[in-house]
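Visitor: Sequence first, predicted model second:
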Amino acid sequence: MLTTGVDLAARPERTALTSIEWTADRAVIRDVAFPADDTVILKAIDRADKTGIDCPLGWPTAFVEFVAAHHAGHVGIPEDEPDWRHSLTMRRTDIFVHKQFGLVPLSVSADRIAHVALRCAVLLAKLDAAGRSVDRSGSGHVVEVYPAASLRRWGLHQPGYKQVAKPEALGRVVDHLLAAAPWLDCASYEQAIRRSHDVLDAVIAAMTARAAVQGQTYQPGEADLAAAQTEGWIAIPDSPISQLL
């Protein structure tokens, strides 16, 4: 089995991609691309059994409806509630992640991650045009992932590992990852992982894609499924990292 992870950014220069080959007793990192443009990403997705993309796959339904109504010139006046914008900025999956794990994903409608999501939407359109239809709930070729949440669920999270001023934090994450998953063979890419949190996140995205294939992630419930298919659903591991093999 081959899984791919994409730490997507608005521009290729900050986008990292990794592919991991899984066998009965080990997982081998077969490829690292950093930077990675759309052509590289689409080719990797085509080769992989499953790809984890670190980016929202859709926008909150209420936000889409609000913007459409505003564009048409007939926005309804919200009720006088302090949190009426909450439904416009948080998807059902974001609310689930916050309630269950205390994490707050970046808002795709009210944060700079929206720039990345625009690129992602075009990637998904290119996949669809090539006959690789996408189910945003994660049951198809791609699944939305959140590397920081995966690291926390696997007991590997280190605060500040993405801060340039704290390179030691990134190193500790890699040390803990290799200790928890001694079957992970970084091949010639270990130094690239230690130098860049983008590459590390791509590795975790590929590992989370494996968890999704194995049925080891939290699935949307019946009440969330319809929203997940349009807004996207973050795959969060529900089992120890040791069970990926």
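Guide: Done, it's in. Values in this document were obtained by computation on a predicted structure and should not be read as measured data.

Visitor: Count residues in the vicinity of K162, would you?
Guide: K162 has 17 neighbouring residues, counting by other Cβ atoms under 10 Å. (Each C-beta comes from the backbone N, C-alpha and C, glycine too.)

Visitor: Am I right that P240 is in contact with W154?
Guide: Yes: between P240 and W154 there is a contact at 7.0 Å, judged by Cβ atoms under 8 Å.

Visitor: neighbour count winner among the two?
Guide: Taking other Cβ under 10 Å, P240 and W154 do not tie; W154 has more neighbours (22 against 12).

Visitor: What sits closest to that one if chain neighbours are left out?
Guide: I241 (4.3 Å; Cβ to Cβ, 6 or more residues apart in numbering).

Visitor: pretty sure V143 is in a strand, no?
Guide: Yes: using DSSP: H, G, I helix; E, B strand; the rest coil, the secondary structure at V143 is a strand.

Visitor: Keeping just the C-alphas, turn the helix or strand of the chain with the lowest mean pLDDT into PDB.
Guide: Among the helices and strands of the chain, helix 86-89 carries the lowest confidence by mean pLDDT, DSSP states H and E, at a mean of 90. The C-alpha trace of helix 86-89 is given here as PDB (Å, rounded to 0.1, in the frame of the first residue of the first chain):
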ATOM      1  CA  HIS A  86     -19.800  31.100  14.800                       C
ATOM      2  CA  SER A  87     -21.800  29.100  12.300                       C
ATOM      3  CA  LEU A  88     -20.200  31.100   9.500                       C
ATOM      4  CA  THR A  89     -16.600  30.500  10.600                       C
END
